[in-house]
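Asker: what follows is a predicted structure for the sequence shown.
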Amino acid sequence: MPTTSSIRRLDAGAATLVFDLRRGYAELATFGPRLPVGEDCEALCDAGRRAPHESEPDVIVPNSVLPLLGSGYAGKSSVELCRAGRELPLRAAPIEWGGDEARSGGTEFRFSLRDEHHRISLASHWRALSSGVIAVESAVNNAADSVLQVARCASLVLPLPRWTRTIVHYDGRWSAEMHESRSALGSAPRIGGGSTGGRPGFTAGQWLRFEAADTCEHHGLCFAVHLEWSGDHEWQVDTDANGDSVLWIGTPLGHGEVELAEGESFVTPRALVAFGSQGRASLRNLWHRHVRDIVLPRQSRAQPRKVHLNTWEACGFAMTLPRLEQLAVDAAALGVERFVLDDGWFSGRRDDRSSLGDWWPSPQVFPQGLAPLIEKIRTLGMDFGLWVEPEMLSPESELYRAHPDWCIHVEGQARPTQRHQLALDLARPEVEAHLLATLDGLLSKHDIAYLKWDHNRELFPSGRRRVARVRALYRLLDELRARHPRVEIETCASGGGRVDLGMLARCARFWASDNNDPIERVRLNRAWWQFLPLGSCGNHVGPDPNPITGRSLPMNYRSKIAMFGHMGIEADPARMSDDERSVLATHVALYKSWRGVLHEGELYEIAHDEPGVAGWLSVSHARALALVVQQEFARYFETAPVRLVGLDRDRRYRVKLLEPWPSPAARYLVDATLWREGVLLSGEALATRGLRLPLRHPATAWLIALEIE
Ligand code: GLA
């Protein structure tokens with residue numbers, strides 16, 4: 001007899017999920033926009049049922065969030081388990097549930113099934129977080145007295161709603177992160193991706209978006225899934241002959257990596273699901289709120305994001321104390337608030353061939369230690385940040401000589417390097433303890449406000465301790481943060497090789513890419529910002545020409561693009577012209593006066609017909625700031641007006657173009673005074689008629705300031 005208690009409803013943000021447990025499965029009957037309070041969910045489930053056809057099991061196998069083989073399910077099962085090396089098929093058992101239904105919809109459910117014969121239980125835990133994002137994790141428990149090997153365990157299995165038509169996924173490489181691809185759902189029976197290097201990697205496959213056919217910026221259904229994990233991931237979407245698609249996502253487990261003794265459990269990393277009912281903007285801003293309000297370390301949430309100067313592209317390894325001191329003076333003159341000393345400051349590190357692991361100041365560069373430089377920086381009114389790459393070591397280092405067995409290696413085999421370095425095996429307790437003592441020592445001894453925590457080598461040979469290494473890294477970061485709560489940390493892995501919410505729960509920001517070329521940045525920032533707020537995204541003005549792409553672009557353009565994010569400078573001001581320094585300093589000041597809007601606001605993408613035109617609008621209460629860029633040479637002399645959607649349509653805004661204006665575009669403005677003093681327009685007019693801006697030439701960028709009158 002079906003009862004309403006075996007139909008469960010979960011409301012989260014703009015979404016409702018309904019689970020039908022009546023047939024013994026945790027069947028996801030609905031995942032879509034929020035249903036009215038009092039919706040008859042039983043009727044909804046009944047209306048969605050169908051009869052079996054001739055080419056499937058006689059008893060239909062519903063799309064469950066805990067699918068197992070054996071019932072006729074032909075996709076990838078939630079788990080793969082073994083005992084004594086032999087695969088163990090779980091016996092189907094009716095689903096059980098528990099959870100909290102205090103409010104109108106439930107806020108938390110736990111589905112579980114128990115195989116009494118093998119004494120194993122499996123659970124999937126769904127929780128609506130206060131942000132509206134849903135967190136899902138799974139667990140396997142072994143109650144038998146023989147060891148259970150977990151070969152695979154999904155964090156999340158999500159049957160996709162039938163309105164899903166497109167998967168948006170990412171891949172990339174060093175300095176070219178976040179290339180976006182769109183795959184039509186069902187274009188292949190299986191679509192998937194993953195990483196194997198011990199970190200999410202440049203493929204960034206743990207960030208996925210799903211869209212309906214008509215989804216655009218301000219309209220349509222969409223959702224996103226993220227694996228909140230700083231190690232490897234795998235995901236796949238299978239589409240079956242019925243046209244039903246299921247997403248499987250989790251961390252891959254090495255052979256013998258998870259072995260459960262009697263009474264032990266394995267809990268997977270969490271997967272997060274976010275739903276948007278009003279286009280990409282609604283989904284993006286849900287992620288941004290989630291990251292700002294729940295994920296980022298508490299002490300970083302409220303603080304203004306200080307302007308950085310990072311020494312890497314200013315002087316690289318060629319650092320001397322006088323040069324650094326001059327750099328600090330020049331940085332302060334531009335308005336910089338934090339000076340970050342990058343790679344090259346420690347032990348004998350004069351290039352990338354040695355010394356990782358030997359975390360003491362180079363006696364050659366800093367004969368009196370770091371204190372004199374830090375003091376100088378503090379006197380100039382800035383705080384001090386330091387680059388470290390704790391999880392690594394160089395074969396040419398004192399640490400390696402003392403502990404050659406501490407690196408990840410296979411006994412008796414060669415130890416291949418990458419960037420001339422090896423990786424420490426953080427799963428070894430003595431390595432974790434050593435790093436804690438070393439970093440704690442550095443932070444206790446010096447006035448350090450910030451660590452740039454890098455990770456430049458993949459963790460090969462990966463072996464069987466991949467999960468343990470990530471958990472040790474989290475413990476290490478958590479303990480350091482507990483001991484030094486005011487120190488902010490940046491996650492960097494040769495740029496954006498380890499950007500995930502596991503790291504961002506412990507770090508103030510991520511380094512989006514080593515590539516500071518603004519044309520590349522526009523592309524890759526746009527992709528990161530689908531998930532992550534501007535304030536968490538490190539965005540720097542680099543040298544000219546750009547050392548990675550070789551492209552030369554005006555300072556006006558570079559500065560405007562670096563302002564949209566957490567602004568910094570990664571170039572030597574002494575090598576800039578007076579005019580460039582003055583343009584840069586003006587933008588640093590603009591960033592300071594607008595960072596509240598940029599970092600707290602709702603972010604909208606500006607749509608435009610011209611392929612080279614891109615733009616964003618950040619709206620916070622009565623103020624808004626838009627950035628509009630033209631990357632190419634326009635097809636027509638006059639480009640279409642730029643329409644700003646996302647403002648309050650009933651209010652009037654004073655609209656100004658912030659100076660310094662781009663050249664030669666500014667020459668085509670009809671009335672400079674009008675744009676300087678501001679023109680009054682309604683949100684409606686701005687959204688529908690828009691602003692006519694000169695956008696003819698490549699490397700043109702405009703900042704549009706809007707304030708409610
Ligand atoms: C990585 C980082 C860079 C810089 C160098 C230093 O490539 O991404 O920003 O810190 O290491 O070696």
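Answerer: Happy to help now that I have it.
Asker: so which strand or helix has the residue of the chain found nearest the ligand?
Answerer: Closest contact between the chain and the ligand, by Cβ to the nearest ligand atom, is at D343 (3.4 Å). In this view, the C-beta of every residue, glycine as well, is placed from N, C-alpha and C. Following DSSP states H and E, there is no helix or strand that holds D343.
Asker: what sits against the closest residue to Q631 other than its chain neighbours?
Answerer: Nearest in space to Q631, with sequence neighbours left out and distances taken as Cβ to Cβ, 6 or more residues apart in numbering, is G612 at 4.3 Å. Neighbouring residues of G612 by Cβ atoms under 8 Å, 6 or more residues apart in numbering: 630-634, 698.
Asker: that older thread, ok, so what distance separates the residue of the chain closest to the ligand from R401?
Answerer: D343 is 21 Å from R401, where distance means Cβ to Cβ, to the nearest Å.
Asker: between the two, who's got more neighbours?
Answerer: Remark: of D343 and R401, D343 carries more neighbours, 21 against 11, as counted by other Cβ atoms under 10 Å.
Asker: where does the protein dip in pLDDT?
Answerer: 1-4, 92, 99-106 (pLDDT under 70).
Asker: domain ranges for it, per the record?
Answerer: Domain assignment of the chain by automatic domain parsing yields the ranges 7-160+212-281, 298-393+438-455+479-599, 605-708.
Asker: the stretch 301-450 of the chain: helices as residue ranges?
Answerer: For the stretch 301-450 of the chain, applying DSSP state H, counting those that start in this stretch gives helices covering 312-315, 321-334, 371-379, 398-402, 429-445.
Asker: surely L426 touches L476?
Answerer: Yes: L426 is in contact with L476 according to Cβ atoms under 8 Å; the separation is 7.4 Å.
Asker: just say helix, strand or coil for E479.
Answerer: Assigned by DSSP: H, G, I helix; E, B strand; the rest coil, the conformation of E479 is helix.
Asker: that one and D579, how far apart?
Answerer: On the measure of Cβ to Cβ, E479 and D579 end up 48 Å apart.
Asker: tell me which of those two has more neighbours.
Answerer: Each of E479 and D579 has its neighbours counted (other Cβ under 10 Å); E479 has more, 15 against 11.
Asker: contacts only, for the more buried one.
Answerer: Contacts for E479 (Cβ under 8 Å, 6+ apart) come out as L436.
Asker: can I get the lengthiest helix in the chain in CSV? Just the C-alpha atoms.
Answerer: Longest helix in the chain by number of residues (criterion: DSSP state H): helix 578-600. In CSV, the C-alpha atoms belonging to helix 578-600 read as follows (Å, rounded to 0.1, in the frame of the first residue of the first chain):
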residue,chain,number,x,y,z
ASP,A,578,55.3,57.4,-16.2
ASP,A,579,52.0,57.4,-18.0
GLU,A,580,51.6,53.6,-17.4
ARG,A,581,52.3,54.0,-13.7
SER,A,582,49.8,56.9,-13.5
VAL,A,583,47.1,54.9,-15.4
LEU,A,584,47.7,51.9,-13.1
ALA,A,585,47.6,54.0,-9.9
THR,A,586,44.3,55.5,-11.0
HIS,A,587,42.8,52.0,-11.5
VAL,A,588,44.1,50.9,-8.1
ALA,A,589,42.3,53.8,-6.5
LEU,A,590,39.1,53.0,-8.6
TYR,A,591,39.3,49.4,-7.4
LYS,A,592,39.5,50.5,-3.8
SER,A,593,36.4,52.6,-4.1
TRP,A,594,34.4,50.0,-6.0
ARG,A,595,35.6,46.7,-4.5
GLY,A,596,32.6,46.6,-2.1
VAL,A,597,30.3,46.6,-5.2
LEU,A,598,32.5,44.1,-7.1
HIS,A,599,32.9,41.7,-4.2
GLU,A,600,29.4,41.9,-2.6
